[in-house]
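Enquirer: Need a 3D model of the sequence below.
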Amino acid sequence: MHDPNTMLARVIAQAKALKIPVSHHIHPQVRLNARAVTRFGCCFRRTDGSYLIELSARMLEAPEASCLQTLAHEVLHTCPGCRNHGSKWKTYAGQMNQAYGYQIARTGTCQQLGVEDARKIRHLVVCTQCGRQFPRAKLSPLVAHPERYRCKCGGLLRRDY
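Expert: Just a heads-up that it's a prediction; the model follows:
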């Protein structure tokens, strides 16, 4: 198991080495969220202007590189003008990716990060042409009306409970 606080300090040092303007007010302890299923990390801005980085407890079972990458993603949100995934944030993410081999992106998947997908699959939509599956936990427009959508291959979609 990885030490998230040590990894956070490492990521902050990496960003500072690249002259990326991360906040000097990042809480040094990572908060672990044992209930997070679809979110791997989060950056909270506190009322006093400091930042708290949260990491899904599931990430501690992932490869260390995935934890570092997720923490780096959240640390970049502490930079001025980077609360979203806009051009500044993308520029800094690109610098971190190039320098340290990360693959920081706006979103990540369980498969990319090497964690088990713990979402409950309640609905399944399938392409009638290529067989691609679209598992969903919630009743979304795709699940309710698959006839309105097409697969990338052009095939029709159907609900396959």
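
Enquirer: Now do the same contact list for the residue nearest to residue 58 when sequence neighbours are not counted.
Expert: Taking Cβ to Cβ, 6 or more residues apart in numbering, and ignoring the residues beside it in sequence, residue 58 has residue 115 as its nearest neighbour in space, at 5.2 Å. C-beta here means a position set from N, CA and C on the backbone, and glycine is covered the same way. Going by Cβ atoms under 8 Å, 6 or more residues apart in numbering, residue 115 touches 40, 56, 58, 59, 61, 62, 66.

Enquirer: Give the helix, strand or coil label for residue 115.
Expert: coil (DSSP: H, G, I helix; E, B strand; the rest coil).

Enquirer: Distance of it relative to residue 49?
Expert: 32 Å (Cβ to Cβ, to the nearest Å).

Enquirer: Need the distance between the two termini of stretch 46-63.
Expert: 29 Å (Cα to Cα, to the nearest Å).

Enquirer: What of stretch 22-32?
Expert: 21 Å.

Enquirer: Could you check that stretch and say which residues are buried?
Expert: Across stretch 22-32, burial judged by 16 or more other Cβ atoms under 10 Å covers 22, 23, 26, 30.

Enquirer: Next, the contact list for the first one, please.
Expert: Just to be clear, that refers to residue 22. Contacts of residue 22 by Cβ under 8 Å, 6+ apart are 12, 15, 16, 75, 76, 78, 79.

Enquirer: which non-adjacent residue is nearest it?
Expert: residue 15 (4.7 Å).

Enquirer: now do residue 16
Expert: In space, and not counting its chain neighbours, residue 16 is closest to residue 22: 6.4 Å by Cβ to Cβ, 6+ apart.
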